[in-house]
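S.K.: fold the following, please.
(one chain, ligands or ions: 2)
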Amino acid sequence: MIRGSPGSVTTQYYYHSSPLVLEGGETLPSLTIAYETYGKLNRDKNNAILICHALSGDAHVAGFHENDKKPGWWDSMVGPGKAFDTDRYYVICSNVIGGCQGSTGPSSINPVTDKAYGATFPVITIRDMVQAQKLLVDHLGIKQLYAVAGGSMGGMQALQWTVSFPDLMKKAIVIAATGSSTPQQIAFNEVGRKAITSDPEWNNGNYYHSKTDEAQGPVKGLALARMVGHITYLSDESMISKFGRSLQEKDRIGFDFSTDFAVESYLHHQGDTFTHRFDANSYLYITKAIDYFDLTDDGSLAKGLAGIHASFLVISVSSDWLYPPYQSQEIVSALTANDRKVRYSEIHSKFGHDGFLLESGQINYLISQFLSRTVVGDVMIRDFPTIEEGATTAVTARRLVNKEVNHLPVLSRSDRLVGIVTSWDIANAVAKNFLWLDEIMSKNVITTAPDEPIESAAKKMEEHSISALPVVDADQHLIGLITSDAISMLIGRGTG
Ligand SMILES: CC(=O)SCCNC(=O)CCNC(=O)[C@H](O)C(C)(C)COP(=O)(O)OP(=O)(O)OC[C@H]1O[C@@H](n2cnc3c(N)ncnc32)[C@H](O)[C@@H]1OP(=O)(O)O
Ligand SMILES: N[C@@H](CCO)C(=O)O
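M.R.: Ligands and ions are numbered 1, 2, ... in the order given. All right, here's what the predicted structure looks like:
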């Protein structure tokens with residue numbers, strides 16, 4: 001498999017001039033959404049995949065901006081031949097509202113006051129982030145996404161998409177996430193927020209004075225928040241293997257409060273670099289959105305996910321103690337309780353929560369398997385002629401001719417599949433002078449189900465020398481038809 005980079009890419013901006021009413025009741029008068037796209041939208045506009053980013057991510061998921069040395073944050077996953085294969089899919093990633101990387105957030109100018117929102121920015125939720133992404137998807141003219149995907153807070157958005165817009169995607173990929181934030185997650189977020197708001201430079205969120213490249217505002221508080229956060233993204237094992245008890249530029253411990261250990265220096269570095277790329281107010285707003293995330297209904301996640309239609313891939317990371325595997329398993333149980341199709345994998349990794357960014361080998365494999373597996377339901381025809389049980393051969397023949405088809409599924413009064421008749425059966429009826437459909441139709445119909453992989457349906461047709469398979473649900477209700485011609489065309493053009 002050729003694995004490449006999507007190459008150079010530029011961020012685009014969608015300006016939505018109408019108001020967006022938020023879950024908390026307030027309204028954003030207008031909004032800008034920063035986004036990037038990779039690959040080509042196909043003619044049917046059915047190959048789009050929306051990737052949602054985590055807490056500190058942005059729209060730049062892959063490829064290179066001009067003069068950049070480092071690619072986007074999930075470049076290992078997005079590109080030609082990778083899981084999010086840009087030769088097949090049209091990948092979209094946008095910065096969340098509330099963020100600080102181009103989409104409207106607390107550092108944006110409030111059009112009403114002409115000043116930065118600061119802490120007057122309305123509190124937003126994961127649901128609001130998704131509503132804003134939906135505006136972008138509409139703007140791009142996409143009626144249905146092939147998939148939504150994300151890790152951590154990105155996984156929450158992917159899950160929220162399937163709840164807010166159950167029919168707008170076929171597949172959902174949720175990695176290292178949860179169905180509702182736990183007290184431990186809220187607790188760590190609150191420590192981070194307290195670090196920021198306790199910094200006198202926070203000044204009630206009002207610190208956007210000068211236009212300068214220097215980090216401004218509560219940089220000490222923000223760095224501290226990131227240091228705490230960053231510890232939760234690692235694991236005991238990865239910290240031991242990364243640093244052990246190594247000293248930082250010292251031969252022996254100092255018996256003072258200067259930096260002794262490499263891990264301390266590393267955290268200082270992570271905290272410091274963060275203040276150059278992230279806004280403290282956005283940190284407050286985004287962590288709040290994470291805290292409020294709760295898809296349970298009356299305490300039950302199964303109830304909360306009852307309306308979902310997408311098929312799911314849920315992935316957890318074995319050493320993730322911030323979003324531990326049991327929380328992914330709760331999502332899986334809730335989906336299973338609702339008879340949803342779901343695949344689950346716990347990847348083995350020492351990287352902790354950030355494993356979703358670092359374990360590109362395992363995650364590429366799981367996602368490409370999940371995305372490229374086309375099932376009968378993806379390609380079946382839903383609108384086709386049928387014939388009712390008890391018809392005459394003459395009526396049946398006329399319907400075959402008028403509708404220009406070679407197969408007619410035969411339905412009982414309660415719309416259950418009871419047989420299938422073909423043009424060959426009509427020839428047989430004429431030859432043998434049969435007058436009733438019942439005498440010529442095949443009663444032991446070979447069928448398929450919407451979740452059967454396309455390859456296995458094709459094999460069935462070949463084995464039985466038949467050219468069409470009715471698609472039925474668990475109650476034998478006819479819901480579709482798949483023909484060998486459709487499969488040949490599909491193989492000819494790929495799933496895109
Ligand atoms: C969707 C999203 O989540 S997008 C956001 C993802 N990006 C981030 O979170 C940005 C912060 N970075 C990270 O979290 C991590 O770098 C990851 C998860 C992206 C990648 O992890 P790794 O490749 O293992 O990088 P690692 O954690 O070792 O960090 C490397 C950095 O630490 C620095 N570092 C390593 N050891 C030390 C030390 N002892 N003292 C000071 N700095 C150190 C390196 O110089 C390097 O700095 P640089 O990033 O400025 O070049
Ligand atoms: N490193 C990731 C982890 C949060 O889930 C981030 O900063 O977004």
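S.K.: going forward, measure contacts between C-alpha atoms and count neighbours the same way
M.R.: Noted.
S.K.: can you report how many residues lie near the closest residue to ligand 1 within the stretch 351-496 of the chain?
M.R.: Proximity of the stretch 351-496 of the chain to ligand 1 (CA to the nearest ligand atom) peaks at residue 354, 5.2 Å away. The local packing count at residue 354 equals 22, with neighbours defined by other CA atoms under 10 Å.
S.K.: and if you look at the one 3 residues further on?
M.R.: A total of 17 residues lie near residue 357 under the criterion other CA under 10 Å.
S.K.: distance of residue 36 relative to ligand 2?
M.R.: Here residue 36 is placed at a distance of 18 Å from ligand 2 (CA to the nearest ligand atom, to the nearest Å).
S.K.: repeat for residue 66
M.R.: With CA to the nearest ligand atom as the criterion, residue 66 and ligand 2 are 23 Å apart.
S.K.: what about that residue, helix or strand, and which?
M.R.: Counting by DSSP states H and E, no helix or strand carries residue 66.
S.K.: got a pLDDT number for it?
M.R.: Confidence at residue 66, expressed as pLDDT, is 94.
S.K.: how about the residues of this structure by ligand 1?
M.R.: 53-57, 73, 262-263, 265-266, 269, 354, 357 (CA under 6 Å from any ligand atom).
S.K.: buried stuff in stretch 250-267?
M.R.: Judged by neighbour count (16 or more other CA atoms under 10 Å), stretch 250-267 contains these buried residues: 259-264, 267.
S.K.: hmm, which two among those are most spread apart?
M.R.: Farthest pair in the buried residues of stretch 250-267 (CA to CA) is 260 and 267. Separation: 12.2 Å.
S.K.: could you chop the protein up by domain?
M.R.: Domain assignment for the chain by automatic domain parsing gives 12-183+279-373, 378-493.
S.K.: remind me which residues of the chain are low pLDDT?
M.R.: 1-3, 210-215, 373, 489-496 (pLDDT under 70).
S.K.: let's go with 50 and repeat that
M.R.: When residues are selected by pLDDT under 50, those of the chain lie in 1-2, 492-496.
S.K.: so how far is ligand 2 from the residue in it sticking out farthest from the centre?
M.R.: Distance from the C-alpha centroid of the chain, by CA atoms, centre = their mean, peaks at residue 433 (57.6 Å). According to CA to the nearest ligand atom, residue 433 and ligand 2 sit 72 Å apart.
S.K.: ok, residue 319 next?
M.R.: Residue 319 sits 14 Å away from ligand 2, going by CA to the nearest ligand atom.
S.K.: my guess is that residue contacts residue 347, does it?
M.R.: No - the criterion here is CA atoms under 8 Å, and residue 319 misses it with residue 347 at 9.0 Å.
S.K.: and the two? Which one has more around it.
M.R.: Neighbour count, other CA under 10 Å: between residue 319 and residue 347, residue 319 has more, with 25 against 18.
S.K.: in contact with the residue nearest to that one when sequence neighbours are not counted, which residues?
M.R.: Once flanking residues are discounted, residue 319 sits nearest to residue 352: 4.5 Å by CA to CA, 6 or more residues apart in numbering. Residue 352 makes contacts with 232-235, 238, 317-321, as judged by CA atoms under 8 Å, 6 or more residues apart in numbering.
S.K.: which one of those residues sits closest to ligand 1?
M.R.: Nearest to ligand 1 among the contacts of residue 352, with distances taken as CA to the nearest ligand atom, is residue 233, at 7.5 Å.
S.K.: which residues sit in contact with that closest one?
M.R.: Neighbour list for residue 233: 320, 322, 352-354 [criterion: CA under 8 Å, 6+ apart].
S.K.: who's in contact with the spatially closest residue to it that is not a sequence neighbour?
M.R.: For residue 233, ignoring the flanking residues on the chain, the nearest one in space by CA to CA, 6+ apart is residue 353 at 4.6 Å. Shown in contact with residue 353 (CA under 8 Å, 6+ apart): 176, 232-235, 317, 319-323.
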